[in-house]
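Visitor: coords please:
(4 chains)
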Number of protein chains: 4
Amino acid sequence: MDAPHSLLTKDQLKQAGLNDFAYGYQDKVRFYELDALNHVNNTVFLKWFETIRVDYVLARGLTTYSHEGDDPQLVVRHLSADFLAPMYQNEVYTVAARTRLIKPTSFIMDYAVAVGGQIRGTGDCVVVSLEQDGRTRRAHFPAAVSAMVELDGAELKS
Amino acid sequence: MDAPHSLLTKDQLKQAGLNDFAYGYQDKVRFYELDALNHVNNTVFLKWFETIRVDYVLARGLTTYSHEGDDPQLVVRHLSADFLAPMYQNEVYTVAARTRLIKPTSFIMDYAVAVGGQIRGTGDCVVVSLEQDGRTRRAHFPAAVSAMVELDGAELKS
Amino acid sequence: MDAPHSLLTKDQLKQAGLNDFAYGYQDKVRFYELDALNHVNNTVFLKWFETIRVDYVLARGLTTYSHEGDDPQLVVRHLSADFLAPMYQNEVYTVAARTRLIKPTSFIMDYAVAVGGQIRGTGDCVVVSLEQDGRTRRAHFPAAVSAMVELDGAELKS
Amino acid sequence: MDAPHSLLTKDQLKQAGLNDFAYGYQDKVRFYELDALNHVNNTVFLKWFETIRVDYVLARGLTTYSHEGDDPQLVVRHLSADFLAPMYQNEVYTVAARTRLIKPTSFIMDYAVAVGGQIRGTGDCVVVSLEQDGRTRRAHFPAAVSAMVELDGAELKS
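Guide: Sure, this is the predicted structure:
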């Protein structure tokens, strides 16, 4: 029995229609994600992007969410989403995330959701890295930068 | 790769600490399910019970949620939940549901959530079966009654 | 311009159909509170009860939610709700809360939601008072007990 | 006793720090809108924008949400939000919405949230107007276009 949110391989993501991604998993639309129009509410796509971001950021070593010491605090400054096709109750979808661009103290992520090879929604997000004071910008851990470059093909911008 | 919400067997549910259940699956706590106290919000347990109820009711053949013709409309009249231990980010839990009591035009369900063999929360729910007019009580499909009796050990009360 | 969640008087609550309550306010159903059946989702009633509980508990002086020192930590152990009639988009409702019973280190609250003098849902809740260690039971502040007895007519049980 | 979501005047919105808006109201942060970081979750800003959009669209006469006959169906195609400062439990905020640009069968809206004259977050949204078949683009009602131009100063683009 697989654990929920088992990570997919790059090949599996490609098969799911998500060519440029190296981090993703499957999930299923739940009743509480529908709105009165009987399809998945727009803001729910942004919750899916948040859910995968929390896992991704741990996986790439950007923070441990310890909220102490040397650990960066990551703050979302911008979110956007495009809705390409509606989604319905019980649909099994693949959601994926990657870092597109790394700046010294911030990064930009991309997201996509696909069902049966068709992309239903995409999004992006600007995340800023701060010291635990919640104010001072701080550099990423070098190992996290390497992981984003190597695994996601993220572009480095100084 | 398993589909999300793969059903567990009775033995797997027993191993998870959920002895009396025949319907259940695993899932994982998501960031958006935490509240400001940094644990799973109480109302989220009730969303988990709702999510599994929607699947369970289809599985036992109580309704097809068609909202037409002969299909019963199921209305929740009462919900309750007991919170036995807090739950945290990324915990993998097992949630299970069963029908405890079947009356001619209603039924009572039980729910439980367990982590590592320890029950973290339980709940129950009274569901009423109506015609599509949303008012007239109607009997359950006999096959659904049989399924609840045979699979869940539900008690019949006339 | 009134602040949102302006408290109603006992007389206003009585007029709203909520006879036994001394603490309540009006609010309006929002689109995100509807589910795919196009009425307010059951779990949303429990969110309304949570929202008013947080305000009520501060108002009666049970805790300041400081999470430090002498301040009690309040933990919900049990929730229930009864759904009497459906609710729809943009309905203005009155929600009210009171303490029914005070035990040395816990209390039981009642809730109700009414529209146009008709009660649409009710609920109750058992809350336990703990030290900041999250384990040791602790007595309520005497002033909070007095407030619940005098304002809500709560029954004291030793 | 004011109804919840009482509309503010242009002057009141200006005083609240929202100069370019003609449609807005006050509301208060609720406990369930906080996340584990103890401030308002990013996606909640987008729910606030959705809530005001539903009211605004009715107020300007763009649709009646009847889902029948001649009534346009409005579909959100793009959402974005910028998060300028964190928000906390019980803060009273003003949220406002306007249409910035009207195209023949779509329009672009702007949103902002302010507390004590300080803008905490902004957003925008692309909405497409469809026939009830959910596919064919359709023109806006002329009265709605006039209302958006006159009240919001929306720009017309053919």
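
Visitor: going forward, measure contacts between C-alpha atoms and count neighbours the same way
Guide: Will do.

Visitor: Next, give phi and psi for A:E155.
Guide: Note on A:E155: its backbone torsions stand at phi -90, psi 140 [degrees, to the nearest 10].

Visitor: quick one, the helix of greatest length in chain A and helix D:42-59 angle?
Guide: Once chain A is assigned using DSSP state H, the helix that runs over the most residues is helix A:42-59. With axes from the mean of the first three to the mean of the last three C-alpha atoms, to 10 degrees applied, the angle from helix A:42-59 to helix D:42-59 works out at 170 degrees.

Visitor: Give me the residues contacting helix A:42-59.
Guide: A:23-24, A:33, A:63-65, A:81, A:83, A:95-97, A:111, A:121, A:123, B:30-32, D:43, D:46-47, D:76 (C-alpha atoms under 8 Å, 6 or more residues apart in numbering or on different chains).

Visitor: Look up the pLDDT of A:D2 for me, please.
Guide: With respect to pLDDT, A:D2 scores 45.

Visitor: What of the one 5 residues further on?
Guide: Looking at A:L7, its pLDDT stands at 96.

Visitor: That one touches A:Y25, doesn't it?
Guide: Yes. Under the criterion of C-alpha atoms under 8 Å, A:L7 makes contact with A:Y25 at 4.9 Å.

Visitor: Between the two, tell me which one has more neighbours.
Guide: Taking other C-alpha atoms under 10 Å in any protein chain shown, A:L7 and A:Y25 do not tie; A:Y25 has more neighbours (20 against 16).

Visitor: The more buried one is in what secondary structure piece?
Guide: strand A:23-28 (DSSP states H and E).

Visitor: Please give me every residue in contact with the residue nearest to A:Q132 when sequence neighbours are not counted.
Guide: Distances taken as C-alpha to C-alpha, 6 or more residues apart in numbering or on different chains put A:Q73 closest to A:Q132, at 5.9 Å, once the chain neighbours are dropped. By C-alpha under 8 Å, 6+ apart, A:Q73 lies in contact with A:63, A:65, A:67, A:129-132, A:134.

Visitor: In CSV: these, plus neighbour count and secondary structure.
Guide: Output for these, formatted as CSV (neighbours: other C-alpha atoms under 10 Å in any protein chain shown; DSSP: H, G, I helix; E, B strand; the rest coil):
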residue, neighbour count, secondary structure
A:T63, 20, coil
A:Y65, 13, coil
A:H67, 15, coil
A:S129, 24, strand
A:L130, 20, strand
A:E131, 18, coil
A:Q132, 18, coil
A:G134, 12, coil
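
Visitor: just to revisit the earlier point, residues shared between the contacts of A:L7 and A:Y25?
Guide: By C-alpha under 8 Å, 6+ apart, no residue touches both A:L7 and A:Y25.

Visitor: Give me the secondary structure label for whichever residue of chain A sits closest to chain D.
Guide: When scored by C-alpha to the nearest C-alpha, chain A has A:S80 as its residue closest to chain D, at 4.0 Å. Of the three states, A:S80 takes strand according to DSSP: H, G, I helix; E, B strand; the rest coil.

Visitor: list the contacts for A:F141?
Guide: A:61-62.

Visitor: same question, A:L79
Guide: Counting by C-alpha under 8 Å, 6+ apart, A:L79 has contacts A:123-126, D:80-82.

Visitor: Would you mind giving those residues as a markdown table with pLDDT added?
Guide: As requested, those are arranged in a markdown table below (pLDDT from 0 to 100):
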| residue | pLDDT |
| --- | --- |
| A:G123 | 98 |
| A:D124 | 98 |
| A:C125 | 98 |
| A:V126 | 98 |
| D:S80 | 98 |
| D:A81 | 98 |
| D:D82 | 98 |
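
Visitor: so which of those comes closest to C:L13?
Guide: Nearest to C:L13 among those, counting by C-alpha to C-alpha, is D:A81 at 38.7 Å.

Visitor: how deep is the closest one tucked in, by neighbour count?
Guide: 24.

Visitor: Just give me the neighbour total for the residue lying closest to it once chain neighbours are set aside.
Guide: Spatially, and ignoring its direct neighbours in sequence, D:A81 is nearest to D:G123 (4.0 Å; C-alpha to C-alpha, 6+ apart). For D:G123, the count of nearby residues is 21 (other C-alpha under 10 Å).

Visitor: starting at the chain centroid, how far to the helix or strand harbouring D:G123?
Guide: For D:G123, the host element (DSSP H and E) is strand D:118-130. Mean-position distance between strand D:118-130 and its chain equals 6 Å (C-alpha atoms, centre = their mean, to the nearest Å).
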